[in-house]
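Asks: Structural data only, the sequence is not supplied:
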């Protein structure tokens, strides 16, 4: 997060400040908080509430300046309901909220946001505007207002979606780690597929509560005439016209208005300026726009008079330059030269720099490093583009047939590669213009995409979705779909989903048979799922499954695999939608189908069998059914063994090894360490043989197997063997990261954290701290883009760091890190990750209690320990294997109460600890006898402190007998 200024606004009480960038911290919130370690792809600009000074001469020569919201010429009017709703949104009891306001261009989104920003600033909020940054910017401190931080994103649908995710991730971290109130307001022209995908990601991965508001046109209760007159009064004052309430009105100018604020303002300005210049008044909104465009033409000519004739561009050249700038937007000079050359604007021999310089005199850029600042507001530039392209049927304005080929030449001239950077801006303008001027699509957009369908993907998902929405040709959309990149980025998923939705019926109609239709529907469902359309994805996959079911019933051997895949896929969506029963039933049925096929000798692809088994095992793990998870993992291994018995193909043998590793994990979950170690050892033996002929292919699985063996040895107390295997896993993962960091850094982080815990158990605290610190940094980066997938891992790694800091004598620092871990888990639990986090929460609470006691905070330690006992009681009801953890929590609770001199209260948890450890020590004396002695000792000390000497003596004698028995045993 970066900014242009750091000085607080006058009168504000700034209580906090943040920096998000290379050195990132939040200050004055009880310590420093690390947010991220990289330069963000956006820039923040402080809200400027003061009016902009415009000279009378400048606005008379170029009236369009008065229409720009940033110039703040018109006082805000109307939209009281919307402002009240935004004020209520600010006041909601949640630290982090995001809201999208969407409406067509010119409806007043930016003006509403500016008024909201000004009011929020006065109310004690710090308000900033975010803009995309092609070059990641350096960090600068951003102050917090007394009530929190508001960030506004205009044209959010034109951002790269991952950049919005990164901004949201940064803001979410601020909210989580500081408990500050943060609000993100996004403005866009549409709220379709792009927003569905983005909001799903924000809610699922970052746990940000989002909502959407459609900004309706001005309702009938709002007096358009009053807004017209208010705007005309403001325009007249700036232009130096003595209006004296003699408003310049024209019949039909408002009657045909579309109720958009900008349309009303344009009408008021056009009428006022026409009257000043003694011209005929415009009579319709279209003629008002045409009038203002003519004034732009006159402005160019007027400025050109100051130049020598040899340097002056012809009117047609200037018009083409403005058209080109409207397509490509502000550029650096080298890029502008390239755009001019590619579009053949210099066919007459004119110097590109001469064109650029004259255009720059007409439209000075906002950034001194740029040229080709486009005409504004956008509604005006869209009308300009439309009226320059032939086919508009508007009288008295000449079109230019150069435009018919300019876009194609610009984006992909003959013999040259496509310019996707220019295509993003150009396609956005063409698509938005086509919504109101269909002839632009017919004359320019569709011919361009017909010849170069791959360009449709250049502008990102929102524009691609709009193309899918406005196109009337399925053939065109099918052609575009066929040109989709093989590995599309997240940004494209909304558009690809829209394309799939628009073309699915045509594709189904063209499908040759039922299996093909089922495959199409399944792929359509997968596409919708990636775009966040979970319900629609489930429905499409369910339809595919229904077709596959009929095919299976008719010919099970021919269609069983397809049916099993469909069942497993629809189960994924059911699970995402919280329909656990449906998901489990579908996965069980998929398993039955696979087993039936195998029993009849039908070849089942190993990947399909593995997917079905793994999905079923994972579903049981997610539901806390450790025994069932282990059972189905074992079944999966059996199916894989049957496959390998008939084929020794490396992929099938490797799938068996993967199944054995999964089985090892599930056996650990039910306490079978011996079986877990045997499964892991068999897996690594298989993988080592496979690696002899293709080491790189099997390196990831080898690393995973080494890490698994390390974990099992650690559970069994074999620390030397655990260290050796863990170090091997880390070495292999580092080698993999050298090949592909993005793909393997998660595996490396997991191995680092696991080895750190082994080092900790071996007393190598500093070595462990170095490893776990590295793991945390990796998990931070991963969780920033996908908290749903990596948030728990980050919390576990933070928990490890916290315990290690305590071990090296830094309990205060330990507490800070453990609080962050618990905060991360709390956020995940509130949203629901589909992954059981109860065990991690209770473990972190125990570690927090230890650290609080070590720091002398016994009262808080007692509170935290009591909470952990409650949670462990709930956990043990579902998973009795964690009874020993409950005993540990009870004993720790007693210790914390005793440290606070609350001896009588401490007797209850101490008695529970003695009882539980007593039972456990009878079952496993070698494992729990020492813990039972510690509990008895605490129990005796408590009675002594209460002067209950008989009870203290009795407990002490029991402890002595236990100790003697242990020594003699």
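Replies: Now that the structure is in, tell me what you want to look at. Just so you know, these numbers come straight off a predicted model, no measurement behind them. Numbers count the residues shown, from 1 in each chain.
Asks: all contacts plus neighbour counts: C-alpha atoms, from now on.
Replies: OK.
Asks: Pop out the phi and psi values for residue 187.
Replies: As for residue 187, its main-chain torsions (degrees, to the nearest 10) stand at phi -120, psi 140.
Asks: Tell me how many other residues surround the residue lying closest to residue 855 once chain neighbours are set aside.
Replies: Of all residues not flanking residue 855 in the chain, residue 811 sits nearest, at 5.5 Å (CA to CA, 6 or more residues apart in numbering). Residues near residue 811, counting by other CA atoms under 10 Å, number 23.
Asks: With residue 236 instead?
Replies: Residue 236, neighbours per other CA under 10 Å, totals 21.
Asks: I'd say it and residue 244 touch.
Replies: No - here residue 236 does not reach residue 244: they are 9.7 Å apart, not a contact under CA atoms under 8 Å.
Asks: that older thread, so how far is residue 854 from the residue nearest to residue 855?
Replies: 6 Å (CA to CA, to the nearest Å).
Asks: quick one: average confidence on the helix or strand residue 724 falls within?
Replies: Per DSSP states H and E, residue 724 falls inside helix 719-739. The average pLDDT within helix 719-739 is 88.
Asks: Surely residue 903 is in contact with residue 945?
Replies: Yes - with contact defined as CA under 8 Å, residue 903 and residue 945 form a contacting pair (7.1 Å).
Asks: overlap in contacts of the two?
Replies: Contact criterion CA atoms under 8 Å, 6 or more residues apart in numbering; residues shared by residue 903 and residue 945: none found.
Asks: Who has more neighbours out of those two?
Replies: residue 903 (21 against 15).
Asks: dump the residue contacts of that one.
Replies: 897, 942-943, 945-946.
Asks: Now do stretch 847-858: distance to the chain's middle.
Replies: 36 Å (CA atoms, centre = their mean, to the nearest Å).
Asks: In it, which residues are buried?
Replies: By neighbour count on 16 or more other CA atoms under 10 Å, the buried set for stretch 847-858 is 847-855, 857-858.
Asks: Identify all contacting residues around it.
Replies: Contacts for stretch 847-858 (CA under 8 Å, 6+ apart): 799, 802-803, 806, 811-812, 814-815, 818-819, 860-862, 864-865, 892, 896-897, 899-900.
Asks: Helices along the stretch 701-850 of the chain, start to end?
Replies: For the stretch 701-850 of the chain, helices defined by DSSP state H, counting those that start in this stretch occupy the ranges 719-739, 741-761, 765-785, 787-807, 811-831, 838-854.
Asks: ditto for the stretch 851-969 of the chain
Replies: 858-878, 883-899, 903-923, 925-945, 949-968.
Asks: Which positions within whatever helix or strand residue 268 lives in qualify as buried?
Replies: Residue 268 belongs to helix 261-276 when assigned by DSSP H and E. For helix 261-276, burial by neighbour count (16+ other CA under 10 Å) applies to 261-274.
Asks: Distance check, residue 630 against residue 672.
Replies: 10 Å.
Asks: Can you pull the domain assignment for this protein?
Replies: Per automatic domain parsing, the domain ranges recorded for the chain read 16-214, 224-276, 292-510.
Asks: Nearest to residue 769 among those domains would be which one?
Replies: With CA to CA, the closest approach to residue 769 among the domains of the chain belongs to domain 16-214: 17.5 Å.
Asks: So if I had to pick from residue 630 and residue 672, which one is more boxed in?
Replies: Legend: neighbour count by other CA under 10 Å for residue 630 and residue 672, higher for residue 630 (24 against 14).
Asks: returning to that earlier point: for residue 400, which of the helices of the stretch 701-850 of the chain is the nearest?
Replies: Comparing these by their distance to residue 400 (CA to CA), the top pick is helix 765-785, with 46.2 Å.
Asks: quick one: contacts of that closest one?
Replies: Outside helix 765-785, the residues touching it (CA under 8 Å, 6+ apart) are 36, 162, 165-166, 169-170, 205-206, 745-746, 748-750, 752-753, 755-760, 789-791, 793-794, 797-798, 800-801, 804-805, 807-808.
Asks: Show me just the buried residues among those.
Replies: Looks like these have 36, 162, 165-166, 169-170, 205-206, 745-746, 748-750, 752-753, 755-760, 789-791, 793-794, 797-798, 800-801, 804-805, 807 buried, using 16+ other CA under 10 Å.
Asks: Is it correct that residue 440 is in contact with residue 427?
Replies: No - using CA under 8 Å, residue 440 is not in contact with residue 427, being 11.5 Å away.
Asks: Residue 712 contacts residue 675, correct?
Replies: No - here residue 712 does not reach residue 675: they are 9.8 Å apart, not a contact under CA under 8 Å.
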